[in-house]
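**Student:** could you work out the structure for the sequence below:
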Amino acid sequence: MIRGALIGALALTIGAPLLAVRDFERTLASGRVVLAELAPVDPRSLMQGDYMALRFALDDELPSSTRGNDTQRLPRYAHIAVDSQGRASLAGVGNSAPAADSGLLHVRLRSRDGLSSIGPNAFFFEEGSGQRFEAARWGEFRVDANGKALLTHLRDEALDRIGENPR
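**Tutor:** Residues are numbered from 1 along each chain as shown. Coordinates of the predicted model:
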């Protein structure tokens, strides 16, 4: 019995991370590209070592909790309209995906300190390459059908990926 429990625990320990990685890889490979405009960040804390502090303009349009970490009151999804260049704009929020025929994407929101966000608060890059990322104006996400959004790149004003050859 103990041996069976150990084998089960080992299978869970190895299997769960493998399934999560497979899920992330699927989103990166087949998720829709969506660009979210970056909002200004205090320039004194913009570059700290090997990452850039991020804030998204869409986050300013999202509701926030009035009682600290009260996540029960915050919506679960941002409903996003995407233009022909992939740029996102907020069309609404809700606790479920928008109707399939609406033409909108849904992005699962993250909650930190009672504030909703469409993405992470930092972007990590190779040490010593921070100056290139000062031109960042857009965050590039891959969004899957379930609303999971993964930040993959930063883009400049011309929508070119930073750190790569132009599109």
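
**Student:** who does the spatially closest residue to F124 that is not a sequence neighbour bridge with?
**Tutor:** In this structure, F124 finds its nearest non-sequential neighbour in Y51, 4.5 Å apart by C-beta to C-beta, 6 or more residues apart in numbering. C-beta here means a position set from N, CA and C on the backbone, and glycine is covered the same way. Counting by DSSP bridges, Y51 is bridged to Q48, F124.

**Student:** give me the number of residues near Y51?
**Tutor:** 16 (other C-beta atoms under 10 Å).

**Student:** contact partners for the one residue sitting closest to the centre of the chain?
**Tutor:** The centroid of the chain falls nearest to G119 when counting by C-alpha atoms, centre = their mean (3.1 Å). The neighbours of G119, taking C-beta atoms under 8 Å, 6 or more residues apart in numbering as the test, are 36, 54, 56, 110, 139, 141, 149, 151.

**Student:** how far away is the residue nearest to F124 from A99?
**Tutor:** Y51 is 38 Å from A99, where distance means C-beta to C-beta, to the nearest Å.

**Student:** repeat that for R3.
**Tutor:** Distance, R3 to A99, by C-beta to C-beta: 51 Å.

**Student:** stretch 93-104 spans what distance, first to last residue?
**Tutor:** Taking C-alpha to C-alpha, to the nearest Å, the first and last residues of stretch 93-104 lie 11 Å apart.

**Student:** outside of that stretch, which residues touch it?
**Tutor:** With contact meaning C-beta under 8 Å, 6+ apart, stretch 93-104 is reached by 62-63, 75-81, 91-92, 106, 109, 116, 147.

**Student:** can you tell me which of those lies closest to I7?
**Tutor:** G147 (34.9 Å; C-beta to C-beta).

**Student:** for the closest one, give me its contacts.
**Tutor:** The neighbours of G147, taking C-beta under 8 Å, 6+ apart as the test, are 77, 97, 105-108.

**Student:** which ones among those are found in strands?
**Tutor:** Residues of the contacts of G147 located in strands (DSSP state E): 77, 105-108.

**Student:** quick one: pLDDT of the nearest residue to H153 once chain neighbours are set aside?
**Tutor:** Distances taken as C-beta to C-beta, 6+ apart put E140 closest to H153, at 4.2 Å, once the chain neighbours are dropped. pLDDT, E140: 95.

**Student:** for M1, same thing?
**Tutor:** Looking at M1, its pLDDT stands at 78.
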